[in-house]
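**Q** Here is a sequence with its predicted model. Questions after.
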Amino acid sequence: MTIADIQRPHPSPTPRNLESKPRPSDRIFRGIVALGGFSSLIILGLIAGYLFLRGFSILQSEGLSFITGYEWVSSINSDGSEGAAQSTYGVGAMLIGTLVTAAIALVIGVPVSVFAALYLTFFAPQRIKRVLVTVVDLMAAFPSILFGLWGLYVLMEPGMYVAELLNKYLGWIPIFAVPVPVFLRSPFIAGLVLAVMIIPIVTAVSREIFAQTPLDRIQAAYALGASKWAMIKNVAFPYSYSGVVGGAMLGLGRAMGETVAVFTVLNILYQANFKILLGAGGNLASHIILKFGEASEEEIKALMAAGFVLFLMTLAVNMLANVIVNKTGRRGR
Amino acid sequence: MSNTEKEDGSMNSTATPATGTRTTSLGNVATASAAARARSEQPVGSGLEARNVHAWFGKYHAISDMSLDFPTGTVTALIGPSGCGKSTFLRTLNRMHEFIPGAAMAGEVLLHGKDIYAPGTDVTKIRLKIGMVFQKPNPFPSMTIGENVLAGIKLAQLKVTNKNDLMEECLERAGLWNEVKDRLNQPGGSLSGGQQQRLCIARSLAVRPEVLLMDEPCSALDPGSTLKIEETISELAKTMTIIIVTHNMQQAARVSDYTAFLLSDGGPGQIVEFAPTREIFTRPKDKRTENYVTGRFG
Ligand SMILES: Nc1ncnc2c1ncn2[C@@H]1O[C@H](COP(=O)(O)OP(=O)(O)OP(=O)(O)O)[C@@H](O)[C@H]1O
Ligand SMILES: [Mg+2]
């Protein structure tokens, strides 16, 4: 090194390239893993794209009224050919039905799940806990038709009884009012079945989150004379809040997309029914399955468009959940 | 009188450079525990007593037949090699041991002569009277610094007339007030490790415990913070009973009046020797204690 070297002003440093050349085997492996990682995104894109393309003409002709309209009429001309002129397609009623049943499911299912998860995490004796955890996990994987049948034949009676009570004492609240006393196969009972369906998954997720509450914080709380409930309220809840919301959203997604159970339990009628105790209604998915079998070419397009709306709705709910989780959840961590 | 001597003692240890305190110097120890001795001449009430305490984890017998007296207003250090049961013993003293699944205990722990394990005892009340500071600082991250100090009030649903006064008093006693008085609304996690630990001490003080258990409170801290906490301990000892687990011989010598040496000879941990700190460090009766305090084993 010469003096000239030292005196020469230093060029401003440029960050050096830190990438190392991967070995061929690594590259192949990386490719496979990346394919796996992107596969869900690709499949999601393909499905959404397909639904959109097939439903496009209907979305175009109906415009916004596809979402706001309460009528679904597919007319067939006297000669058997289809007359597009008289058909109207609007999924508004089923959109409302989807939200109503899913909301009922959440209102009933989430508190039950959170209590169950709290019991499993903080109260249950080791042996009971092991059994229950297995049962809950098993239930999460149950086929939904079983829930549907069970709901139809077993849950209907007590559900109706509760519905009648609700109507009797809270009937002055519009959603609990009924124009005619038909309590059978109502959105309320469908929501009840959906609640039972989502409880296992929401419980499983919440339990896992509660179980991650840092032990040192739990101990700190107890060492300060906290009762179990005080510890849960001040330590476990703040820590787990975002995760539990995430679990609830998972349940919401399931409830909104549920087809078979709703189809089995609910008296599927195409109307916007906010009176949750009245036996009429439906949701998007059950509507699609109901119409699909005997739909004309054009109606199938409309059903595809309905599917696309369902997709968007699920996406929107999940994004909303993410926002909630990010906004409020980090504090307790 | 005892006060000035005590001040001397802590001054002495503060003045010693951090590196100096690490090397064994029993001379230093002797002066320090002279101060401690002066403190222990206060009138002694019946504080906390452990009688024939055993503890198990499942079938594993962790500590055996430990009996110790912790008179009111004294600092007792628990020393001994890793795994000898110091933490376990400490945790039986405020019923934190029973949180571990399969944990069991035998014997009695008396607070003012009353067994804290007696049937029908309200465990949460016991833990209010016997507070605990953990090895790793663990402030509640969802709470601000101020809220952390008052966390016990909230958790145990206690009533206080003036929360701000209490907050200031506790932070003052924990030696943290000057550093945080302008940032009480920041999250508890925004402090340095040493400050967090003093925050945890302040938090324990807010519920007005009579006894404070400290499990290696300085082991995660730098020498400066360690000395601050030691000063805090000496200050607190004027009004309460303190039991501290430490691996740092100098620390035991500096802060404690009495020292218990625990050891597990393959079997469950036992108390080998219990005496005034000065004696443990200058003329231990048991050969094993001597070996340990002089660093020849453990
Ligand atoms: N949760 C537990 N489950 C089973 N055994 C345990 C548990 N905690 C501690 N032990 C055992 O009990 C004995 C005493 O442990 P303890 O933590 O009291 O030791 P210690 O003296 O505090 O050690 P250290 O100085 O390393 O903290 C050890 O042999 C340890 O393995
Ligand atoms: Mg320990």
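**A** The structure has been received and is ready for your questions. Ligands and ions are numbered 1, 2, ... in the order given.
**Q** Please name the nearest non-neighbouring residue to B:Ala104.
**A** B:Trp56 (4.4 Å; CB to CB, 6 or more residues apart in numbering or on different chains). (C-beta placed from N, C-alpha, C; glycine too.)
**Q** Could you point out the helix or strand that follows the helix or strand where the one you found lies?
**A** Using DSSP states H and E, B:Trp56 maps to strand B:48-57. Later in the chain than strand B:48-57, the nearest helix or strand by DSSP H and E is strand B:60-70.
**Q** Direction included, what does the following helix or strand past that following strand pair against?
**A** Where DSSP H and E defines the elements, the next helix or strand beyond strand B:60-70 is strand B:75-79. The sheet places strand B:75-79 alongside strand B:241-245 (parallel), strand B:258-263 (parallel), with pairing taken from DSSP bridges.
**Q** and after the last one, which helix or strand comes next?
**A** Going back to what we said before, that points to strand B:258-263. From strand B:258-263, the next helix or strand downstream (DSSP H and E) is strand B:270-276.
**Q** repeat for the first one
**A** For strand B:241-245, the following helix or strand on the C-terminal side (DSSP H and E) is helix B:249-255.
**Q** So which elements touch that next one?
**A** On a contact count with 3 or more CB pairs under 8 Å, 6 or more residues apart in numbering or on different chains; DSSP states H and E, helix B:249-255 meets helix B:2-15, helix B:26-40, strand B:75-79, helix B:223-236, strand B:241-245, helix B:277-282.
**Q** how does it look with 7 Å?
**A** helix B:26-40, strand B:75-79, helix B:223-236, helix B:277-282 (3 or more CB pairs under 7 Å, 6 or more residues apart in numbering or on different chains; DSSP states H and E).
**Q** Between helix B:223-236 and the shortest one, find me the angle.
**A** Using axes from the mean of the first three to the mean of the last three CA atoms, to 10 degrees, the inter-axis angle of strand B:75-79 relative to helix B:223-236 is 140 degrees.
**Q** which other residues reach strand B:75-79?
**A** B:36, B:70, B:86, B:89-90, B:233, B:237, B:242-246, B:252, B:255-262, B:277 (CB atoms under 7 Å, 6 or more residues apart in numbering or on different chains).
**Q** just the buried members of these?
**A** By neighbour count, with 16 or more other CB atoms under 10 Å in any protein chain shown, the contacts of strand B:75-79 hold B:36, B:70, B:86, B:89-90, B:233, B:237, B:242-246, B:252, B:255-262, B:277 as buried.
**Q** among those, which are in reach of ligand 1?
**A** B:Lys86 (CB under 6 Å from any ligand atom).
**Q** so what's B:Phe255 up against?
**A** Heads up, residue B:255 is Val, not Phe. Here B:Val255 is in contact with B:75, B:230, B:233-234, B:244 (CB under 7 Å, 6+ apart).
**Q** of these, closest to chain A?
**A** Nearest to chain A out of these is B:Ile244 (CB to the nearest CB; 15.1 Å).
**Q** what's across from the closest one in the sheet?
**A** With DSSP bridges as the rule, B:Ile244 is bridged to B:Ala77, B:Met214.
**Q** Let me know the pLDDT of it.
**A** We have a pLDDT of 96 for B:Ile244.
**Q** What of A:Asn273?
**A** The predicted local confidence for A:Asn273 is 85.
**Q** And for B:Lys238?
**A** Reported pLDDT for B:Lys238: 89.
**Q** what about it, how many residues close to it?
**A** 12 (other CB atoms under 10 Å in any protein chain shown).
**Q** which parts of the stretch 201-333 of chain A sit against chain B?
**A** A:216-217, A:219-227, A:230, A:234-235, A:238, A:331-333 (CB under 7 Å from any CB of the partner chain).
**Q** before we move on, the earlier item: give the partner strands of the strand holding B:Trp56 in its sheet and their orientations.
**A** Going by DSSP bridges, the partners of strand B:48-57 are strand B:60-70 (antiparallel), strand B:103-111 (antiparallel).
**Q** Residues in contact with stretch B:228-239: which ones?
**A** Residues contacting stretch B:228-239 (CB under 7 Å, 6+ apart): B:6, B:10, B:13, B:39, B:73, B:75, B:173-175, B:194, B:197-198, B:201, B:212, B:217-218, B:242, B:244, B:251, B:254-255.
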